[in-house]
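Participant: Sequence plus predicted model, see below.
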Amino acid sequence: MANFVLYGPTLSTYVRTVRMIFTEANAPYELQPIDIFQGEQSAPDYLAKHPFGKVPVLAVDGDYLYETCAIAQYLDAAVNNGGFTPDDLMTQAHMRQNHGDRG
C-alpha cells in the first residue's frame, strides 16, 4: 500500500472528510498538522504542495493531491476499492452534484 501523509488542521471540515475516508477504509495515514492561524499554508514549502495555499493536501509516495473532491475520489479507488461510489452512473452524478444551493 502507498504511504499517505495528510496535511491540514484537524479543525478543518475538509481535512475531516479525508480522515473519515481513511477511518472507514481502515487505511493507515500520517496527519501532518498545518497551523492556518499562523499562516503555515502560505509558506513556500507548503505552496509547493498546494499552489493556492489551502487545505488539505495528500502526499502519496512523494506526489501531491489537493482539493478534497479529488483526494476523496482517489482514496475511494486506492484504499476502498470504489466502495464509497455507487455503481449506477446517474446516482454517481447526483452524488457529485453541488447541493449547496437548496434555497
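Facilitator: Cool, the structure landed.

Participant: So residue 38: helix, strand or coil?
Facilitator: Reduced to three states with DSSP: H, G, I helix; E, B strand; the rest coil, the structure at residue 38 is coil.

Participant: Near it, how many other residues are there?
Facilitator: 9 (other CB atoms under 10 Å). No exception for glycine: its C-beta is placed from N, CA and C like everyone else's.

Participant: ok, now residue 91?
Facilitator: With other CB under 10 Å as criterion, residue 91 counts 11.

Participant: How about the secondary structure of it?
Facilitator: helix.

Participant: can you pull the contacts of it?
Facilitator: By CB atoms under 8 Å, 6 or more residues apart in numbering, the contact list for residue 91 is empty.

Participant: Pull the number of nearby residues for the residue lying closest to residue 29 once chain neighbours are set aside.
Facilitator: Spatially, and ignoring its direct neighbours in sequence, residue 29 is nearest to residue 4 (4.0 Å; CB to CB, 6 or more residues apart in numbering). For residue 4, the number of neighbouring residues by other CB under 10 Å comes to 21.

Participant: Just the buried residues of the helix or strand encompassing residue 74, please?
Facilitator: Assigned by DSSP states H and E, residue 74 belongs to helix 68-80. Across helix 68-80, burial judged by 16 or more other CB atoms under 10 Å covers 68, 71-73, 75-76, 78-80.
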